[in-house]
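# Kindly return the folded structure for what I paste below:
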Amino acid sequence: MFISNAYAAAETAAPASSGAPDWMAFLPFVVIIVAFFMLMRSQSKQAKDHRKLMESLQKGDEVVTAGGLAGKVTKVDDNFVAVEIAPDTIVQVQKHAIQTQLPKGSLKAL
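Presented below is the predicted three-dimensional model:
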């Protein structure tokens, strides 16, 4: 008696759209997937280049290890490489610890 009944308003117009098509909602997911594949491609390329470096190591190459030691390769085994970092100072490092190969004569400039 004291409270009147409440009725839902009749829908008179179509719902307002934001103007963007429905496929735009998936655009962030597509961008993330594309970025993921681009990152994977660059990682696999770097791994391939490192494997190629490991296979091409030979005596006399000038290299830098992952720890930052620069020296000349004196012996190459299956898993280890002997690197001369100073006259009469040879260290054994694991082959995969070789990070980069320097151009010939780079050590003389250091």
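
# Would you mind finding the longest helix in this protein?
helix 27-56 (DSSP state H).

# Quick one: residues contacting the residue sitting nearest the centre point of the chain.
Nearest residue to the geometric centre of the chain (C-alpha atoms, centre = their mean): residue 43, 4.2 Å. Going by C-beta atoms under 8 Å, 6 or more residues apart in numbering, residue 43 touches no other residue. In short, each C-beta sits where N, CA and C put it, glycine included.

# what about it, distance to residue 104?
Residue 43 is 29 Å from residue 104, where distance means C-beta to C-beta, to the nearest Å.

# in this protein, which spans are strands?
All strands of the chain, identified by DSSP state E, fall at 62-65, 70-76, 80-86, 89-94, 98-102.

# mind listing what the third one pairs with, with the direction of each?
Here strand 80-86 has these sheet partners by DSSP bridges: strand 70-76 (antiparallel), strand 89-94 (antiparallel).

# cool, and the last one?
Neighbouring strands of strand 98-102 in its sheet, by DSSP bridges, are strand 62-65 (antiparallel).
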